[in-house]
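S.K.: Let's see this in three dimensions:
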Amino acid sequence: MKIKIREVAKKNKGYSLYKLAKELQLPQQTVYSWANGRTQPSYENMDKLCDALDCTIGDLFESEPIQHKLNLRNIV
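M.R.: All right, here's what the predicted structure looks like:
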């Protein structure tokens, strides 16, 4: 699953990834790695993300609609 950090930060707070990193007091590279899917935040950092962005963990994850999954299975 992909984390939608960039989208949620912009939508909820108007933050860029740079601003979010400053807000979380974390290195900019760390937040960019999460947003680009190279790494995943720890449970502690996920909690900090949710607090900073006023969102739930579910808001941060991109879910694939069930219909799309069913269509892919029918093609294969």
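
S.K.: Name the spans of the chain whose pLDDT lies under the cut-off.
M.R.: 1, 62-76 (pLDDT under 70).

S.K.: Helices along that one, start to end?
M.R.: 5-13, 17-24, 28-35, 43-53, 57-60, 66-75 (DSSP state H).

S.K.: Same list, those helices, but as JSON lines with mean neighbour count please.
M.R.: For every residue, glycine as well, the C-beta is placed using N, CA and C. Below are those laid out as JSON lines (neighbours: other Cβ atoms under 10 Å):
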{"stretch": "helix 5-13", "mean neighbour count": "17"}
{"stretch": "helix 17-24", "mean neighbour count": "17"}
{"stretch": "helix 28-35", "mean neighbour count": "17"}
{"stretch": "helix 43-53", "mean neighbour count": "15"}
{"stretch": "helix 57-60", "mean neighbour count": "14"}
{"stretch": "helix 66-75", "mean neighbour count": "8"}
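
S.K.: Pretty sure residue 50 sits against residue 60.
M.R.: Yes: the criterion here is Cβ atoms under 8 Å, and residue 50 meets it with residue 60 at 7.2 Å.

S.K.: Find the residues that touch each one of the two.
M.R.: Residues touching both residue 50 and residue 60 by Cβ atoms under 8 Å, 6 or more residues apart in numbering: none at all.

S.K.: hmm, who's touching stretch 40-58?
M.R.: For stretch 40-58, contacts defined as Cβ under 8 Å, 6+ apart pick out 3, 5, 8-9, 12-13, 15, 20, 23-24, 26, 34, 59-60.

S.K.: Reformat these as a markdown table; add distance to residue 44.
M.R.: Converted to a markdown table, the contacts of stretch 40-58 look like this (distance: Cβ to Cβ, whole Å):
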| residue | distance to residue 44 |
| --- | --- |
| 3 | 15 |
| 5 | 16 |
| 8 | 18 |
| 9 | 18 |
| 12 | 20 |
| 13 | 20 |
| 15 | 20 |
| 20 | 16 |
| 23 | 15 |
| 24 | 11 |
| 26 | 11 |
| 34 | 13 |
| 59 | 18 |
| 60 | 15 |
